[in-house]
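**Q** Here is the input, now give the coordinates:
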Amino acid sequence: MLTILGFTGVVFLSMIATAWTIGVPVRSLAAAGLMIVLAILCPVEAAIAVRRLKWFMRTALVVTAIGMLASALSGDGVWEIIQAAVEISVQALVLMVLTAIVAEICGSRAVFMAFVMVIGVSAVVAVAQFVGVDGAWGLRGAIASLQGDALVLPNDGLDGSGIRAVGLSYSKTILGAQICLALAAYYLMFVTPQPDRRSLRLTLSQPRVAIGLVLLCIVAFASGNRSPILGGAIFFLLIVSQSKPRLFTITLVGIATVALLAEPVLSLLRASGSRIFETSDNSSLIRGTLTHYGLMLFLDNPLGYGLSFDPTLHAAEFVARLHNDPNKYAIFRYPLHNYLFSIINIYGVLILGVAFWVWDLIRRNLSVFIIFTPYVIHIMFHNSGPFYQNEIFFWLVAGALPKLVDECRREARRALQGPSRSGEPNRGPVDDRDQRASGLNWGRAAPTRV
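**A** Modelled structure (predicted):
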């Protein structure tokens, strides 16, 4: 109980004190402290958790080495390179190891529940802010004074019009990422293994899928985040296409019909004043310019700009090439707002080798990773994501995945073995595979589905 309470405290502190530092981020100190305490008190579980993360550790090492090489080639100083590597990779390692240890001690579903509960509090506050509850804004103001950030950021041209709810989170876009990850954690709490002699097949009940998507859309609407809604729609199509092909066809026809009626429908919806239905605001228009700029940056330096990459510092060199773009001066002010172009400009072309490695893991465990579709779509339009921009919350969910897969494999194996003679479920022999720390599926590819 104390272990999961401590982990919940770390998640909550990470949410409300994202920018609170005393030389180093307070949230990182709390996470590292709890990780060390648990490693001392539960060394066996900690060792198993670390073995489960071997693939991640190797990947993090390779990604960090590529980033440091790109930084060195770009002329960054040694201390600057080390500091950036610590902020991006070492922090990710600490958070993921902590999560894996807690999952080993308390079970993966307890970790997911803690994450959902914490982000759920912020989501409820965001909805209260959206409907005009003064106390909800006052609570966020108290948190703002703690870490010295602005309560309401002024309209800067990219965020659209009006004040958008942030809940207890540091910003509206961070809230968007958090609710996408909370949706994934919510689904992961309830996945059930289906016995199959070839593969692990995870299933989700239709009511839970619907509940999760409805809640995601409500909070996204309140905070003015469009990408989680788009991601939720794509996730729904993926689920339908796998489980009900006929319904998938009907859904595609429905989407085509909506597309034909999109403009008149959007004209009516824009009258509500919500940013969700705007397609001609600066946020939409500027992103095309930023994407074009990101492509030019990569073509100019395919080896990458390093871990301290800031696209605004290179704007003066490229603005002349965008002379026909009415939004060309946006490159002086905004990052790229695109995870793929940001990553490839940070790490360079060498990161593509790691990308194929990661894709192979995702392909072999599609029924698990498909749940992260809304989060993936969200980061494609913003400045966050794994191994980029001091990402925090992704690791607090992903760290429990190897333990979850191991739990599901055991449950599926027991189901295949059937009941024992006494009528009790047959737990089966604990073979050498159960004695080892098993992570995700490293074997041959096998069909998986949600």
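**Q** Can you dump the C-alpha atoms of stretch 180-188 in PDB for me?
**A** What follows is stretch 180-188 as a C-alpha-only set of coordinates in PDB (Å, rounded to 0.1, in the frame of the first residue of the first chain):
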ATOM      1  CA  CYS A 180      -4.300  10.400 -23.900                       C
ATOM      2  CA  LEU A 181      -1.900   8.500 -21.700                       C
ATOM      3  CA  ALA A 182      -4.600   8.200 -19.000                       C
ATOM      4  CA  LEU A 183      -6.900   6.700 -21.700                       C
ATOM      5  CA  ALA A 184      -4.200   4.100 -22.500                       C
ATOM      6  CA  ALA A 185      -3.700   3.300 -18.800                       C
ATOM      7  CA  TYR A 186      -7.500   2.900 -18.300                       C
ATOM      8  CA  TYR A 187      -7.700   0.400 -21.200                       C
ATOM      9  CA  LEU A 188      -4.600  -1.400 -19.900                       C
END
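**Q** quick one: average pLDDT of stretch 178-197?
**A** What stretch 178-197 shows for mean pLDDT is 84.
**Q** buried sites along that stretch?
**A** For stretch 178-197, a neighbour-count test (16 or more other C-beta atoms under 10 Å) marks 178-189, 191, 193-194 as buried. No exception for glycine: its C-beta is placed from N, CA and C like everyone else's.
**Q** starting at the chain centroid, how far to it?
**A** Distance, stretch centre to chain centre, for stretch 178-197: 14 Å (C-alpha atoms, centre = their mean, to the nearest Å).
**Q** With stretch 57-76 instead?
**A** Relative to its chain's centre, stretch 57-76 lies at 22 Å (C-alpha atoms, centre = their mean).
**Q** The host helix or strand of residue 116 packs against which elements?
**A** Applying DSSP states H and E as the criterion places residue 116 in helix 108-130. In terms of contacts (3 or more C-beta pairs under 8 Å, 6 or more residues apart in numbering; DSSP states H and E), helix 108-130 is packed against helix 2-16, helix 91-106, helix 134-147, helix 172-190, helix 206-223, helix 393-398, helix 401-417.
**Q** what ranges of the stretch 51-200 of the chain fall below the confidence cut-off?
**A** 146-163, 194-200 (pLDDT under 70).
**Q** 80 - rerun?
**A** 143-164, 192-200 (pLDDT under 80).
**Q** just to revisit the earlier point, just the CA coordinates of the helix holding residue 116, formatted as CSV?
**A** Below are the C-alpha coordinates for helix 108-130, written out as CSV (Å, rounded to 0.1, in the frame of the first residue of the first chain):
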residue,chain,number,x,y,z
SER,A,108,0.8,-3.5,-13.3
ARG,A,109,-2.9,-2.7,-13.0
ALA,A,110,-2.3,-0.9,-9.7
VAL,A,111,0.2,1.4,-11.5
PHE,A,112,-2.3,2.1,-14.2
MET,A,113,-5.0,2.8,-11.7
ALA,A,114,-2.8,5.3,-9.8
PHE,A,115,-2.0,7.1,-13.0
VAL,A,116,-5.6,7.3,-14.1
MET,A,117,-6.7,8.6,-10.7
VAL,A,118,-4.2,11.4,-10.7
ILE,A,119,-4.8,12.6,-14.2
GLY,A,120,-8.5,12.2,-13.6
VAL,A,121,-8.3,14.8,-10.9
SER,A,122,-6.7,17.3,-13.3
ALA,A,123,-9.3,16.4,-16.0
VAL,A,124,-12.2,17.1,-13.6
VAL,A,125,-10.7,20.4,-12.6
ALA,A,126,-10.3,21.2,-16.4
VAL,A,127,-14.0,20.6,-17.0
ALA,A,128,-14.8,22.8,-14.0
GLN,A,129,-12.6,25.6,-15.4
PHE,A,130,-14.3,25.2,-18.7
